[in-house]
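*Asks:* Quick check, what structure comes out for this input:
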Amino acid sequence: MSTLATEDPTLPPTAPAVQTNTHANLLEWHAQNERMRHIPDLTSMVEKLDVDLRRRIEKLWLPYSDLAASDPRHPALEAEIRTLCRAIDRVGFIARHHRGNPHPPNDLGTRVTWTIDQAVNSLRAVDPETFGRRFPFQTFERSSNEPLWAAMLSVIQHVQKLASLVREIEPEIDERLYEGLVQLNEPMRRDPMA
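*Replies:* Alright, predicted model coming up:
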């Protein structure tokens, strides 16, 4: 409204004010957040643990199981295998939503396979739609994706340490670890090509 005497004092009609909640539009939803590029997807992590690392660990276990308990290399290998089991337990612990009280077997050989099975089952129970996405900022919570990937990297590092220890017992272990990685569609000819 103007205070000039020459203008018409009537007010123009105004549209009714629509109340909007501007704060509701600013909230983030977990499933709508963009995937983190530094975290691999869940299926590749499950495949890495269940297929690749399981195969490697089983092949690294064989030389240890044939080693006599009186051998001076036995305690170092046993300590590294127990450390590997704890690292795999950590993967399962981070992925698990419930905190049960699983009791692993006492025998080290069965404990390795049991631990891998438990961790794979825990990884498969994770929601693949929200995995790899950061939590909404308004929850003030850290995402559990980075610690899970860090635990997987720790398992990979322990497998590499175990391989270097087993290499002292069996120098041909690298050939066993790499066999079966490449499958030829057509077998190689026995005759020379030239």
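
*Asks:* What's the mean pLDDT across the host helix or strand of residue 81?
*Replies:* Assessed by DSSP states H and E, residue 81 sits inside helix 74-95. For helix 74-95, the mean per-residue pLDDT is 93.

*Asks:* hmm, who's touching the helix or strand following it?
*Replies:* Using DSSP H and E, the helix or strand that follows helix 74-95 in sequence is helix 108-124. With contact meaning C-beta atoms under 8 Å, 6 or more residues apart in numbering, helix 108-124 is reached by 42, 45-46, 49-50, 53-54, 57-58, 61, 65, 78, 81-82, 84-85, 88-89, 91-93, 95-96, 102, 104-105. In this view, the C-beta of every residue, glycine as well, is placed from N, C-alpha and C.

*Asks:* Name all residues that make contact with residue 67.
*Replies:* Per C-beta under 8 Å, 6+ apart, neighbours of residue 67: 73-74, 77, 169.

*Asks:* just residue 78 next, same as before
*Replies:* By C-beta under 8 Å, 6+ apart, the neighbours of residue 78 are 64, 108.

*Asks:* Tell me how far it lies from residue 127.
*Replies:* Using C-beta to C-beta, to the nearest Å, one obtains 37 Å as the distance from residue 78 to residue 127.

*Asks:* and what of residue 188?
*Replies:* For residue 188, the distance to residue 127 (C-beta to C-beta) stands at 45 Å.

*Asks:* do the same with residue 151
*Replies:* Counting by C-beta to C-beta, the gap from residue 151 to residue 127 is 18 Å.

*Asks:* which one of the two has more residues nearby?
*Replies:* The residue with more neighbours, out of residue 151 and residue 127, is residue 151; 19 against 11, by other C-beta atoms under 10 Å.

*Asks:* are any of the contacts of residue 67 buried, and which?
*Replies:* Burial by neighbour count, judged by 16 or more other C-beta atoms under 10 Å, picks out residue 77 from the contacts of residue 67.

*Asks:* Greatest separation within the contacts of residue 67: which pair is it?
*Replies:* Distance extremes for the contacts of residue 67: the farthest pair is 74 and 169 at 9.6 Å, using C-beta to C-beta.

*Asks:* what do these two both touch?
*Replies:* Common neighbours of residue 74 and residue 169 (C-beta under 8 Å, 6+ apart) are 64, 67.

*Asks:* Give me the longest helix you can find in this protein.
*Replies:* In terms of residue count, the longest helix belonging to the chain (DSSP state H) is helix 145-169.
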